[in-house]
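# model this:
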Amino acid sequence: MTIVDLEPGMAASIQEARAKVVQMWQPYRSLQHFLKDYLPDEWDAIQTCGQNIVKEWEYAPDRDLKKVQLMHCNRIPWCIRCTRTDTHRRVANALQQFERCTPAGKQPRFIHIVQTAPTGTGEGMTGQWGHLAAQDHKKFGRIMWSALQELYGDGIGAIMSYQDFGEKGPLKIHPHQDLTLNGWRLKNGKAAPTPRFPLTDGGRKRWDDVVSAHATAFQVDASRGNVWIHNVVTGIPSYAKQFRYQMRQLVDLKKLHYNRSDRILQWENYRDGTFTNFTVDMFFDALTDYQRRLGAFTSRKMFGKEADDESDHNTQKRLHEAYGHMARTKIKATQKLMGGKATPHREDCSCNACGDWDRTFLAEVREEVGFARLQDGD
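The predicted structure is shown next:
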């Protein structure tokens, strides 16, 4: 969130904060044109994002310390500011879960794993698993978790993220579970390091056989997918970038380039700088299907159009899920057994979760700085 202390000269500070929001949008001029041309209602709301004051607060331990919180429009994924804030909040909360499930005095340990569900029809591939996974990603998650329990044993925990497509954009589905296995597990009620599963010396065959067997138990004919198991990483600073990538908003409009004269969209591959081209209609059709299957966005409108029926409204399904000793119903017990502790917030932390800030209504703030809007280009 954007926070500005209420102090002498605060009007200039607020204007500076507003200017940073405008500056954030400057590299994405073609995206502004796209929103203006095809989603004018969304763009109209986005232009007020970070440009108005909607909440004012006082710090309970010290009433002389005040803050204002600049507005978020919450038009996800269309607003790049709100999308970034949403991802940051999700990542921060998840990393605190890992801290809680880490032994006292130790650093968090992370094992990054990616498992794909193939959609092709080549030799040895039925093609069924990937398409079924895309239609029911929660079942895909249960398959993977049951396989992980057999491969690693009891006492493990993980945060798993379902990703429906890759760097080529939403027109081509590429169902995969991008997950982080906790590098600490519970063994006989005590914390112990989680080993990296070896894919050498027959390990890869065992992995594929176990995943396939557990998929069969869910009535899924699972052909062999790809799997990557990375080395154990110790410490949040060393893993934070990877974790942000795992828990990112896949529909990242910063990757979108819009050719206004030809009405063509390009999706940029961050890995190699290449582009995937498609028409605007193709893009909206792909995202409408994405919304239908995953309920990925909470707007009452689907990409500027009313949903066809009530079942399409607000059907948010969690794409990021904690399993095992990190699950919502078990994490308190895990924390107690391991002695884990999330990094404490600083004394004057401004986040709402700290509970030290009281909502106030400071009329003079509103009057002094007024209301502003983003200035979009032509």
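
# can you give me the strands for the stretch 1-150 of the chain?
Secondary structure of the stretch 1-150 of the chain (DSSP state E, counting those that start in this stretch): strands at 3-5, 53-59, 62-70, 109-116.

# what would these look like in CSV with mean pLDDT and mean neighbour count?
For every residue, glycine as well, the C-beta is placed using N, CA and C. Formatted as CSV, these follow (pLDDT from 0 to 100; neighbours: other Cβ atoms under 10 Å):
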stretch, mean pLDDT, mean neighbour count
strand 3-5, 69, 16
strand 53-59, 79, 18
strand 62-70, 79, 17
strand 109-116, 97, 21
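
# Ok, which of those strands comes nearest Ser30?
In terms of Cβ to Cβ, the element of the strands of the stretch 1-150 of the chain nearest to Ser30 is strand 62-70, at 25.4 Å.

# Lys168 is in contact with Ala286, correct?
No - counting by Cβ atoms under 8 Å, Ala286 sits too far from Lys168 to count as a contact (11.3 Å).

# Could I get the contacting residues of Ala342?
Residues near Ala342 by Cβ atoms under 8 Å, 6 or more residues apart in numbering: Gln96, Glu99, Arg100.

# give me that answer again for 10 Å
Taking Cβ atoms under 10 Å, 6 or more residues apart in numbering as the criterion, Ala342 is in contact with Ala92, Asn93, Leu95, Gln96, Gln97, Phe98, Glu99, Arg100, Thr102, Gln335.

# I'd like to know which of these is nearest to Gln115.
Distances from Gln115 to these, taken by Cβ to Cβ, are shortest for Phe98, at 20.0 Å.

# wait, doesn't the closest one sit right on Ile111?
No - judged on Cβ atoms under 10 Å, Phe98 makes no contact with Ile111 at a distance of 11.3 Å.

# low pLDDT regions in this protein?
Along the chain, segments meeting pLDDT under 70 span 1-3, 5-8, 120-128, 298-317, 346-354, 363-364, 366, 376-378.

# For it, which segments are assigned as helices?
For the chain, the helices defined by DSSP state H cover 10-25, 29-38, 40-46, 80-100, 128-135, 137-152, 203-217, 236-246, 280-294, 331-338, 363-369.

# Domains in this structure, by residue range?
3-78+348-369, 102-250+315-338 (automatic domain parsing).

# Buried residues, stretch 161-179. List them.
161-166, 169-171, 173-179 (16 or more other Cβ atoms under 10 Å).

# do stretch 150-160 as well
Buried residues in stretch 150-160 (16+ other Cβ under 10 Å): Tyr152, Gly155, Ile156, Gly157, Ala158, Ile159, Met160.

# on that earlier part again, just the buried members of the contacts of Ala342?
Of these, these count as buried by 16+ other Cβ under 10 Å: Leu95, Gln97, Phe98, Glu99, Arg100, Thr102, Gln335.

# wait, which of the residues you listed is closest to Ile236?
Nearest to Ile236 among these, with distances taken as Cβ to Cβ, is Leu95, at 5.8 Å.

# before we move on, back to that, got CSV for the strands of the stretch 1-150 of the chain, with distance to Phe218 too?
Listed next are the strands of the stretch 1-150 of the chain as CSV, based on distance: least, Cβ to Cβ, whole Å:
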stretch, distance to Phe218
strand 3-5, 46
strand 53-59, 46
strand 62-70, 45
strand 109-116, 14
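
# Between those, which one is closest to Leu35.
Between the strands of the stretch 1-150 of the chain, strand 62-70 lies closest to Leu35; by Cβ to Cβ that is 20.1 Å.

# Could you list the alpha-carbon positions for that closest one in CSV?
Taking C-alpha atoms only, strand 62-70 is exported to CSV below (Å, rounded to 0.1, in the frame of the first residue of the first chain):
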residue,chain,number,x,y,z
ASP,A,62,1.5,7.7,19.6
ARG,A,63,-1.5,9.9,18.5
ASP,A,64,0.8,12.4,16.9
LEU,A,65,1.8,9.9,14.2
LYS,A,66,-0.8,9.7,11.5
LYS,A,67,-1.0,8.3,8.0
VAL,A,68,-3.2,8.3,4.9
GLN,A,69,-3.7,5.4,2.6
LEU,A,70,-4.1,6.1,-1.0
